[in-house]
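Asker: all I have is the shape, not the residue letters:
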Ligand code: ZN
């Protein structure tokens, strides 16, 4: 099976369409949360994922957009975009987001948005945080999003090692326990504005990261039309 693993799409339909086209053919789509928030097309993104029968989990932005998390915990721009999202989304989008679990398991993978011990808020970006989360899931590997940074953290004996991953990079799955982050489709934050995605090949036991160009200006135009915060519009150009 070739599985497209996507995270933090954030209402960015052109970025989602671009990564799906780039990783075709694929047999399944897994998504790691933050389907909505920040971006201008939450309904369209959810409809596309629903059509793909995507397996996935709910992120902090998704929970806030459906009123299951207080928007006070977000910064001003994120909160403004969430209030816009909450007021705009269709009932079927709300239902789809509400039906997402916080954690999903498909052996040997656990899927969460943040971390296994705190799927809503914790960022798995360091060896120490990864190590502290090893006892919070029972599968060999854990797929995470939330940081918007493509990354592997692997356990080697008593050590945890972080490996930053770039376009075209592959990683062979083995005995090591891993935290695996595909990066963000809709709002990359590692200085590369291209949409990030990962392919999980279960036959070859291999991961591959991809960076994909998409029409950033088209998304920025839609965001401006919707009066979304300027800082959120500008950051897409820089991947920050
Ligand atoms: Zn996010």
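Answerer: Everything's here; your move. Quantities reported herein were computed from a predicted structural model and do not represent experimental measurements.
Asker: distance between stretch 165-179 and the chain's centre?
Answerer: The gap between where stretch 165-179 is centred and where its chain is centred comes out at 17 Å by Cα atoms, centre = their mean, to the nearest Å.
Asker: got the buried residues for it?
Answerer: 165, 169, 171, 173, 177-179 (16 or more other Cβ atoms under 10 Å). All C-beta spots, glycine's among them, are computed from the backbone N, C-alpha and C.
Asker: how about stretch 195-210?
Answerer: For stretch 195-210, by 16+ other Cβ under 10 Å, it's 195-201, 207-210.
Asker: closest to the ion out of those?
Answerer: residue 196 (11.9 Å; Cβ to the ion).
Asker: and the chain, which residues reach the ion?
Answerer: Residues of the chain lying close to the ion by Cβ under 5 Å from the ion are 8, 34.
Asker: please redo it, this time with the cut-off set to 6 Å
Answerer: 8, 10, 34, 59, 61, 146, 148 (Cβ under 6 Å from the ion).
Asker: list the contacts for the fourth one?
Answerer: For residue 59, the contacting residues are 8, 32-35, 37, 113-114, 120, 145-146, by Cβ atoms under 8 Å, 6 or more residues apart in numbering.
Asker: ok, residue 148 - contacts?
Answerer: 7-8, 183-184, 187-190.
Asker: tell me the confidence at it?
Answerer: Looking at residue 148, its pLDDT is 98.
Asker: wait, a strand at it?
Answerer: No. Counting by DSSP: H, G, I helix; E, B strand; the rest coil, residue 148 is not part of a strand but coil.
Asker: circling back to that earlier point, among the contacts of residue 59, who's most crowded?
Answerer: When the contacts of residue 59 are compared by neighbour count (other Cβ atoms under 10 Å), residue 35 ends up highest, at 34 neighbours.
Asker: wait, isn't that residue in contact with residue 98?
Answerer: No. Using Cβ atoms under 8 Å, residue 35 is not in contact with residue 98, being 11.8 Å away.
Asker: one step back: okay, the buried residues of stretch 195-210 in JSON lines with distance to residue 24, secondary structure and pLDDT next?
Answerer: What follows is the buried residues of stretch 195-210, written out as JSON lines (distance: Cβ to Cβ, whole Å; DSSP: H, G, I helix; E, B strand; the rest coil; pLDDT from 0 to 100):
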{"residue": "195", "distance to residue 24": "14", "secondary structure": "strand", "pLDDT": "98"}
{"residue": "196", "distance to residue 24": "17", "secondary structure": "strand", "pLDDT": "98"}
{"residue": "197", "distance to residue 24": "11", "secondary structure": "strand", "pLDDT": "98"}
{"residue": "198", "distance to residue 24": "14", "secondary structure": "strand", "pLDDT": "98"}
{"residue": "199", "distance to residue 24": "10", "secondary structure": "strand", "pLDDT": "98"}
{"residue": "200", "distance to residue 24": "15", "secondary structure": "strand", "pLDDT": "98"}
{"residue": "201", "distance to residue 24": "14", "secondary structure": "strand", "pLDDT": "98"}
{"residue": "207", "distance to residue 24": "18", "secondary structure": "strand", "pLDDT": "98"}
{"residue": "208", "distance to residue 24": "14", "secondary structure": "strand", "pLDDT": "98"}
{"residue": "209", "distance to residue 24": "16", "secondary structure": "strand", "pLDDT": "98"}
{"residue": "210", "distance to residue 24": "11", "secondary structure": "strand", "pLDDT": "98"}
